[in-house]
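Novice: Give the three-dimensional model of this entry:
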Amino acid sequence: MNCIFCDIVEKRAKAEILYENDLVISFLDIRPVNYGHALVIPKNHYKDFLSMPKSELDEVIKITQKISSAVYNSLKPDGFNVITNNGTAAGQSVFHFHFHIIPRFTNDSFSFRPQLKNYENGTMKEYAEKIKSEIKL
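Specialist: Here you go, the predicted structure:
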């Protein structure tokens, strides 16, 4: 398997590391949306959000919150995004699960403005029923 994030974890590839513990590593994105754009990844390789075991996901989320706070407090952006892309259609280009922490500035020209849709003729209930049928707790 050829995974740049696994190479970073194993120190075979260079990265500007922000934080590291036994399960998680955080580093600056090499091609940032804005300067300070950070990534938080599990050290173990998981393809996407759905493949993450809860025990490790809890730690990744905890560290994502800590790094988000550090980005926000140090860079003083107007806001920030925490996102994960899952699958090619969603923009995932490295298939090792990760969160992006993107500092945002009022005039940064980065746009994440979807064209919102409206449910019509009972379709909201149909979609809800499809989703609820797959919820297994």
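Novice: where does the nearest residue to D7 once chain neighbours are set aside fall, phi/psi-wise?
Specialist: Excluding the flanking residues, the one nearest D7 by CB to CB, 6 or more residues apart in numbering is A13, at 3.8 Å. Using the backbone N, CA and C atoms, a C-beta is placed for each residue, glycine as well. With angles defined as degrees, to the nearest 10, A13 sits at phi -130, psi 150.
Novice: so A13 sits right up against C3, yeah?
Specialist: No: in this structure, A13 is not within contact of C3 by CB atoms under 8 Å, at 9.8 Å.
Novice: Who are the packing partners of the lengthiest helix in the chain?
Specialist: Criterion DSSP state H: the longest helix present in the chain is helix 54-75. Here helix 54-75 touches strand 17-20, strand 24-28, strand 38-42, strand 79-83, strand 99-104, going by 3 or more CB pairs under 8 Å, 6 or more residues apart in numbering; DSSP states H and E.
Novice: Output it as PDB - backbone C-alpha positions only.
Specialist: The C-alpha atoms that make up helix 54-75 are tabulated as PDB, following Å, rounded to 0.1, in the frame of the first residue of the first chain:
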ATOM      1  CA  LYS A  54     -14.900   4.100  17.900                       C
ATOM      2  CA  SER A  55     -12.100   3.600  20.300                       C
ATOM      3  CA  GLU A  56      -9.700   5.400  18.000                       C
ATOM      4  CA  LEU A  57     -12.200   7.900  16.600                       C
ATOM      5  CA  ASP A  58     -12.800   9.300  20.100                       C
ATOM      6  CA  GLU A  59      -9.100  10.100  20.400                       C
ATOM      7  CA  VAL A  60      -9.000  11.600  16.900                       C
ATOM      8  CA  ILE A  61     -12.000  13.900  17.600                       C
ATOM      9  CA  LYS A  62     -10.500  14.900  21.000                       C
ATOM     10  CA  ILE A  63      -7.200  15.900  19.400                       C
ATOM     11  CA  THR A  64      -9.100  17.600  16.500                       C
ATOM     12  CA  GLN A  65     -10.800  19.900  19.100                       C
ATOM     13  CA  LYS A  66      -7.400  20.600  20.700                       C
ATOM     14  CA  ILE A  67      -5.700  21.500  17.400                       C
ATOM     15  CA  SER A  68      -8.700  23.600  16.300                       C
ATOM     16  CA  SER A  69      -8.400  25.600  19.500                       C
ATOM     17  CA  ALA A  70      -4.700  26.100  18.900                       C
ATOM     18  CA  VAL A  71      -5.200  27.200  15.300                       C
ATOM     19  CA  TYR A  72      -8.000  29.600  16.400                       C
ATOM     20  CA  ASN A  73      -6.200  31.100  19.300                       C
ATOM     21  CA  SER A  74      -2.800  31.400  17.600                       C
ATOM     22  CA  LEU A  75      -3.900  32.700  14.100                       C
END
